[in-house]
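Student: Give me a 3D structure for the following:
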Amino acid sequence: MRVACVINQFPPNITAGLGRYVEEITPHLAGELRLAVFTLNDGHLPAHERRDGVTVHRPLGRVLGAISRRRRLNRTRRAEFVLLAVNVVVSNWRYFLRLLRLPRGERPDLVAVHDSTNFLTALLCHYALRLPVVFHVHTTEYGVAPQRSITDPLGVFPALERWLARISRRVVVATPEVRDQLAAAGWGREKIDVVCLGGTFERRLAGCDRAALRSGAAALRTGLGLSDDDQVLLFVGRIEPQKGVYQLLEAMEKIAVALPRLRLVIVGEGDEAGVARIVANAGLEGRVLTSGGFVDGQELLEYYEMADLCVFPSLFEPFGLVATEAMALAKPTILGDGFSQIFLGDPAEPAVRYARAADPGSIADAVIGLMEDPAARRALARNGERFVRERLSWSRAAEETIAVYRAALTQR
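Tutor: Residues are numbered from 1 along each chain as shown. Below you'll find the predicted structure:
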């Protein structure tokens, strides 16, 4: 089966969970499919290459290429989000032209489009090339989600997403909650398939030197100015409203009183200036530290390693790979109720603890309760690690994804 995968990130261009998703699942898909990936160019990568059994196309325009080469666009800033959106649309047009120029016998059997930002390729492939389309929904924050990252008073994005859903043969989501959310918004429930993801660090931890990881975490603590007595509460994610980071900062005022040795470390990029302003106004200087930008690779593992407790109080998450990262490293984890309930695992031996994401008091109580109960933290860490190891698998996710593609090809 020949599949064209249209996705905004592909290794080594990884800036968010979408990049980690494609990094992990592609090796499994490439073993069964003839896979061609159409993706954005960060200004430094080849326009065409063969990478690990996958043909990769990264068209690069002069103007946007020059901007990208100077700096990586940060989607949490409005002007840069607009530039990134323009880059996506222009690249989509180039993807379509590339597919159009292929002889009919060499065109893909199916086009897998990841997220509504790649709407142009999906629509052109459906209407102009008459190719079957499968629509992967990794986020609903532009359209049907109640907490959106953009202002859309005319409802353009929800309408666009519904259009994509209508022309797609199948729609793939990562959790039952997203399926229910889309169905409630008027999408055809019968064509939505739930394919849960794997654990982000599945391959990376297989050969990980834990002693070296602990050493790196110790050096990181020193670099952040943490003492041996300081405990670390870790947040990883974009610094923007959907991630619940502002409620977490408000919760820190209560946490700081109950746990004077606890330090909140925020790893991610976005509204760093807003965090600094809130910290100063709340008198939390020295209690809240930031990474200063996006972190990935070995350094991200070291941040997790030094954490005593992880907290991700998202108001909504289509899946939430950060949860799998913390749990895979046996870190007790608190999730906002915007996360799927699948992470709970066995209710009798829960793998995570949930807090009401919109309620700073609920977040504070969950953090204080766990930090004052080492046995409960150990149980969460043990159950969480087992949950990721036993329930989440990228090979299983790839098998189910390929099954969806086959089903899409057999239906009219």
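Student: Let me see the contact set for the closest residue to T175 other than its chain neighbours.
Tutor: Distances taken as CB to CB, 6 or more residues apart in numbering place S340 nearest to T175, at 3.8 Å, with adjacent residues excluded. Backbone N, C-alpha and C define where each C-beta goes, glycine included. S340 is in contact with A174, T175, P176, E177, V178, E317, F319, G320, counting by CB atoms under 8 Å, 6 or more residues apart in numbering.
Student: do the same with E317
Tutor: So E317 contacts A323, G336, G338, F339, S340 (CB under 8 Å, 6+ apart).
Student: Now do it, the pLDDT please.
Tutor: Note on E317: pLDDT of 88.
Student: And what about it, helix, strand or coil?
Tutor: On the three-state scheme (DSSP: H, G, I helix; E, B strand; the rest coil), E317 is labelled coil.
Student: follow-up on the earlier one: most neighbours among the contacts of E317, which one?
Tutor: Most neighbours among the contacts of E317, by other CB atoms under 10 Å: A323, with 29 neighbours.
Student: Now that that residue has come up, it's in contact with F312, right?
Tutor: Yes: judged on CB atoms under 8 Å, A323 makes contact with F312 at a distance of 6.2 Å.
Student: Identify the contacts common to these two.
Tutor: If you check A323 and F312 against CB under 8 Å, 6+ apart, the residues they both contact are T333, L335, F339.
Student: Using JSON lines, lay out these together with distance to P360.
Tutor: Listed next are the shared contacts of A323 and F312 as JSON lines, based on distance: CB to CB, whole Å:
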{"residue": "T333", "distance to P360": "18"}
{"residue": "L335", "distance to P360": "15"}
{"residue": "F339", "distance to P360": "17"}
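Student: Looking at those, which are in strands?
Tutor: Under the assignment DSSP state E, those contribute T333, L335 to strands.
Student: Take the shared contacts of A323 and F312 and lay them out in TSV including distance to C5 and pLDDT.
Tutor: Listed next are these as TSV, based on distance: CB to CB, whole Å; pLDDT from 0 to 100:
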residue	distance to C5	pLDDT
T333	30	98
L335	29	97
F339	26	93
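Student: Out of the shared contacts of A323 and F312, which comes closest to M1?
Tutor: F339 (33.0 Å; CB to CB).
Student: ok so, going back, next step: the contacts of E317 restricted to helices.
Tutor: Among the contacts of E317, the members falling in helices (DSSP state H) are A323.
Student: The closest residue in space to F96 that isn't next to it in sequence: which element?
Tutor: Leaving aside its chain neighbours, F96 sits nearest to L124 (4.4 Å; criterion: CB to CB, 6+ apart). In this assignment (DSSP states H and E), L124 forms part of helix 119-127.
Student: how far is that helix from where the chain is centred?
Tutor: 24 Å (CA atoms, centre = their mean, to the nearest Å).
Student: buried residues in it?
Tutor: F119, L120, T121, A122, L123, L124, C125, H126 (16 or more other CB atoms under 10 Å).
Student: Between the contacts of E317, which sits nearest T140?
Tutor: G338 (11.0 Å).
Student: Tell me, how many residues neighbour the residue lying closest to the closest one once chain neighbours are set aside?
Tutor: Once flanking residues are discounted, G338 sits nearest to F316: 3.8 Å by CB to CB, 6+ apart. Neighbour count for F316, taken as other CB under 10 Å: 24.
Student: So what does F316 have for phi and psi?
Tutor: Torsion angles at F316 (phi, psi; degrees, to the nearest 10) stand at phi -160, psi 150.
Student: could I get the helix holding L124 in CSV with only the CA atoms?
Tutor: The C-alpha trace of helix 119-127 is given here as CSV (Å, rounded to 0.1, in the frame of the first residue of the first chain):
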residue,chain,number,x,y,z
PHE,A,119,-6.8,21.1,5.0
LEU,A,120,-5.6,22.4,1.6
THR,A,121,-3.8,19.1,0.6
ALA,A,122,-6.7,17.1,1.9
LEU,A,123,-9.3,19.0,-0.2
LEU,A,124,-7.2,19.1,-3.3
CYS,A,125,-6.3,15.4,-3.1
HIS,A,126,-10.0,14.5,-2.7
TYR,A,127,-11.5,16.8,-5.3
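Student: Quick one: name whatever helix or strand follows that helix.
Tutor: Heading C-terminal from helix 119-127 (DSSP H and E), you reach strand 133-136.
Student: re the thing from before, surely the residue nearest to G338 meets Q242?
Tutor: Yes: between F316 and Q242 there is a contact under CB under 8 Å: 6.2 Å.
Student: measure stretch 224-241 end to end?
Tutor: 25 Å (CA to CA, to the nearest Å).
Student: Tell me which residues of it come out buried.
Tutor: So stretch 224-241, judged by 16+ other CB under 10 Å, has buried residues 224, 226, 230, 232-241.
Student: can you check stretch 10-30 too?
Tutor: Buried, per 16+ other CB under 10 Å, within stretch 10-30: 10-11, 13-26, 28-30.
Student: Please apply the same query to stretch 211-225.
Tutor: Those would be L213, G216, A217, L220, R221, L224, for stretch 211-225 by 16+ other CB under 10 Å.
Student: Between these, which sits nearest A408?
Tutor: Using CB to CB, those come closest to A408 at L213, 41.2 Å.
Student: measure that closest one to L301 for me?
Tutor: From L213 across to L301, the span is 6 Å (CB to CB, to the nearest Å).
Student: And for C5?
Tutor: With CB to CB as the criterion, C5 and L301 are 27 Å apart.
Student: Tell me which of the two has more neighbours.
Tutor: The neighbour comparison of C5 against L301 (other CB under 10 Å) goes to C5, with 25 against 22.
Student: Can you point out the helix or strand that includes the more buried one?
Tutor: Applying DSSP H and E, one finds C5 within strand 2-6.
Student: which other helices and strands contact that strand?
Tutor: Judged by 3 or more CB pairs under 8 Å, 6 or more residues apart in numbering; DSSP states H and E, strand 2-6 is in contact with helix 17-30, strand 34-38, helix 78-101, strand 110-114, helix 119-127.
Student: Try it again at 6 Å.
Tutor: Applying 3 or more CB pairs under 6 Å, 6 or more residues apart in numbering; DSSP states H and E, we find strand 2-6 packed against strand 34-38, strand 110-114.
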